[in-house]
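[1] kindly generate the corresponding structure for this input.
(chains A and B)
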Amino acid sequence: MANAYLNGLAAIAPELVLTGFALAALVFDLATKGRDSRRVGYLTLVGLALTSLLLVAQWGEPSRTVLGMVTVDQFGNFFKLFTCASLAVVVVFVLNDRRERRHGIGEYYFLLLGAAVGVFFMVSTNNLLLLMLGLELLSLASYSLAGFHKGERKSAEAAMKYVVFGGLSAGIMLYGISLLYGLTGTIDLAVMATGGTGGVPAGLVGQVSENPIPVAVAVVLILAGFAYKVSLVPFHFWTPDVYEGAPTPVTTFLAVGSKAAGFGALLRFVGVLFVHEDVQEAVRAYGERVGLLIALLAAVTMTVGNLSALRQKSLKRMLAYSSIAHAGYVMIGVAAMTAGGFEAAMYYLAAYYFMNLGAFGFLLYFEGVTGSDAIESLEGLGWRAPVVSIAMVVFLVSLTGLPPTVGFYGKYLLFQEGIAADLIWLVVIAGLNSVISLFYYFRVVRALFLSKPAEREAAQQPAFVGLLAALGVATVFFALFTAPLVDWARRSMDLLSAASG
Amino acid sequence: MNEYIGIVAGILLAGGITASMLILSSVLGKKNPTPEKLEPFECGKEPFSLPMGKMAVSFYLTAILFILFDVEVIFLYPWAIVYRELGMLGLVEVCVFVGILMIGFVYAWANGALEWAGQCSTGQRSTGQPRRD
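    Residues are numbered from 1 along each chain as shown, chains lettered A, B, ... in the order given. Next up is the predicted model:
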């Protein structure tokens, strides 16, 4: 028994190392009495690098469940590696945030790492209880991060709104989980989906025909919890205010790391429950009806997100609404309820990492220069900081979904899978939305380049500028060479084929 | 039915003693009422105050810290019961668990969360109402 236990611990080594470094960051900050928090930042980067190495070492290992609830598989690995990468970028953002203090912000890194631990457990479990715990860990860290600038009104408001919305939706989701548990007698998704044989209680298969209404209520409530996390309409109201009030690096993490984690958990929930190849036929048919609901949510989300983004004067709010719209696009892949659809969604999430990290990095850079997040204040700055601005144009082209960028190829894959799953109406709506998004994304380009050069000097931050340029190059590179990311997404589909248990 | 007789006896005994104490003290005791004595008694706190009063934020901090270490003890109980079965591994696990909590404790301490000084020590009295002495 002890041996199995130690093997289990070895399998979750990345999580353990991450936890260790989170604590180390806190202790280190305490020991140095908060002097020069940059060193805590470097420690965080080392921890993330080490965790990534351990994750890479798990590359290609077969899917298995350890310690009774943690599923270590390639699907989780995909999200964990991207979380590490995006968090490293966020840490570099914090280190380069010209409006952030240099001292006494060691907790910043501790909270970021704590959120990452939450993400790790959230994307690698079939157990609804552990899923909820991971989600709460992520949420609690995010609440405090959003309110990190205690003295600022907007930051405090962001934290407050986030807590209230988060608490409510966590409650809703838990209620859904408890209903599902009551109906099936298990909190393990795999058992729920395949149950009904071998002494296992009825599972979902009997319940979908006998108790259709409670099952529907449970599924809708749980989906509502996820919808809050990835900010789907109508659970998106917190997004713009929280994104605007939180410190920009935190906004980056919320928009990229936290949202992708929400999608990771959602894909696992929907995938293991409805799409897995061992799933019983009745449950699979039920899943297709759930897919229709998700498609509806996706259509509303992208439309509302894009139309609201049109009117924004603040770049930060605009990016917040754009991230809502993008959640809608990703949902096309989820709604398809096929392995191909999930692959497309994951490819798009990877693309989303590159372009949104870049766009928020640009925002941070210019907040440091102009002290404002208004689009107007960008006028003419494109000529002053050409590298960053050209990178931003690449990100915006990618967000719009025009070639030759990852955003284009991601949308292409999503649309293809959407059509294959008979969701042509949804693809048409998504296409129209892309056209709408062109207007607001290119307002930024116009402000940057189509006005006379500004007086103001740009900031000299070579490391930061280099990082943004690298993200810009990656945005184009992975569109020209799509194979690595597509292969990786396909490899991650062991989610749908691995033996349960 | 027999196994419930003890419970019934307990209820009667407890009720009887309480009732007799109340009755005896109201019959035999001296009566010298002051306004203070007529107030409902609740650990020295004023029982009624207007809701606009401010509450010192240190109360919440203390409450949070209390819950944290309360939960720690709750976790230690089941471990203590199966201590022998878990053996060395369990001991290490619990040490890790307590160690993590200790880091939190040291953090709270170092940041002055345990100090009451400098705060408004009588939060519930800051409504400006004079005490009724």
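
[2] would you mind listing what in the stretch 1-150 of chain A touches chain B?
    Neighbours of chain B within the stretch 1-150 of chain A, by C-beta under 8 Å from any C-beta of the partner chain: A:Ala2, A:Tyr5, A:Leu23, A:Leu26, A:Val27, A:Leu30. From N, CA and C alone the C-beta is placed, and that goes for glycine too.

[3] show the buried residues in these.
    By neighbour count, with 16 or more other C-beta atoms under 10 Å in any protein chain shown, those hold A:Leu23, A:Leu26, A:Leu30 as buried.

[4] by mean pLDDT, point me to the weakest helix or strand of the chain.
    No chain in the question, so chain A it is. When the helices and strands of chain A are scored by mean pLDDT, DSSP states H and E, helix A:203-210 comes last with a mean of 80.

[5] chain B is the one I meant
    helix B:35-38 (a mean of 77).

[6] what segments of chain B are strands?
    Counting by DSSP state E, chain B has no strands to list.

[7] so, low pLDDT: which residues of it?
    The model of chain B has pLDDT under 70 over residues B:1, B:41-45, B:47, B:53, B:117-133.

[8] so which residues make contact with the least confident helix or strand of chain A?
    With contact meaning C-beta atoms under 8 Å, 6 or more residues apart in numbering or on different chains, helix A:203-210 is reached by A:183-184, A:186, A:191-196, A:214-215, A:273, A:280, A:282-283, A:286.

[9] return the set of buried residues in whichever helix or strand comes after it.
    With elements assigned by DSSP states H and E, the helix or strand that comes after helix A:203-210 is helix A:212-229. Neighbour counts over helix A:212-229 (16+ other C-beta under 10 Å) mark A:215, A:217-219, A:221-229 as buried.

[10] for stretch A:121-129, same thing?
    By 16+ other C-beta under 10 Å, the buried positions in stretch A:121-129 come out as A:Phe121, A:Met122, A:Val123, A:Ser124, A:Thr125, A:Asn126, A:Asn127, A:Leu128.

[11] can you tell me the closest non-neighbouring residue to the fourth one?
    Spatially, and ignoring its direct neighbours in sequence, A:Ser124 is nearest to A:Gly76 (3.5 Å; C-beta to C-beta, 6 or more residues apart in numbering or on different chains).

[12] helix or strand for that neighbour, which one?
    Residue-wise, A:Gly76 maps onto helix A:74-95 under DSSP H and E.

[13] near chain A, which residues of chain B are found?
    So chain B meets chain A at B:Leu89, B:Ile100, B:Ile103, B:Val106, B:Tyr107, B:Ala110 (C-beta under 8 Å from any C-beta).

[14] which one (most neighbours) among those?
    Within the residues of chain B next to chain A, most neighbours by other C-beta atoms under 10 Å in any protein chain shown means B:Tyr107, with 17 neighbours.

[15] hang on, the earlier thing: what angle separates the least confident helix or strand of chain A from helix A:212-229?
    120 degrees (axes from the mean of the first three to the mean of the last three C-alpha atoms, to 10 degrees).

[16] distance between helix A:203-210 and the chain's centre?
    Distance of helix A:203-210 from its chain centroid, counting by C-alpha atoms, centre = their mean, to the nearest Å, is 32 Å.

[17] same thing with stretch B:100-116?
    A distance of 21 Å separates the centroid of the chain from that of stretch B:100-116, by C-alpha atoms, centre = their mean.

[18] list the contacts of it.
    Applying C-beta under 8 Å, 6+ apart, the external contacts of stretch B:100-116 come out as A:Leu23, A:Leu26, A:Val27, A:Leu30, B:Ser58, B:Leu61, B:Leu65, B:Leu68, B:Phe69, B:Glu72.
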